[in-house]
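Student: return atomic coordinates for the entry below.
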Amino acid sequence: MMLATLPLLAIAIAMCYSQEIPKRCDVSSMSYVLDVDTGVDDAMALMAMLSYNKCIEAITVVAGNTDMENAYNNTMRVLPRKFN
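Tutor: Sure, this is the predicted structure:
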């Protein structure tokens, strides 16, 4: 995957997430931007943040535990499971 597509993946994830959850975060609550490489550890952390209804403003995906494409696919698998 080319390096130039990384920002587009971050935008795609943010758009998918924002379509699932139309609510706005309370201005008095702490907001989070998650930067994940979505292996097992980040998938669990992401599910925990979502289950506690934390105000997640954005989710970015990077290569790390796995390659970029796999990290993106793993992240997209975690998000719909929370909202089905």
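Student: tell me where this protein has strands.
Tutor: With DSSP state E as the definition, the chain shows strands at residue ranges 31-36, 55-61.
Student: if you count neighbours, what's buried in the first one?
Tutor: By neighbour count on 16 or more other Cβ atoms under 10 Å, the buried set for strand 31-36 is 34, 36. Using the backbone N, CA and C atoms, a C-beta is placed for each residue, glycine as well.
Student: sheet partners, orientation included, of that strand?
Tutor: strand 55-61 (parallel) (DSSP bridges).
Student: just to revisit the earlier point, export the strands of the chain to a markdown table and append columns for distance to residue 44.
Tutor: What follows is those, written out as a markdown table (distance: least, Cβ to Cβ, whole Å):
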| stretch | distance to residue 44 |
| --- | --- |
| strand 31-36 | 11 |
| strand 55-61 | 14 |
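Student: Serialize those strands to CSV and add fields for distance to residue 79 and mean pLDDT.
Tutor: Shown next, in CSV, are those (distance: least, Cβ to Cβ, whole Å; pLDDT from 0 to 100):
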stretch, distance to residue 79, mean pLDDT
strand 31-36, 11, 90
strand 55-61, 8, 87
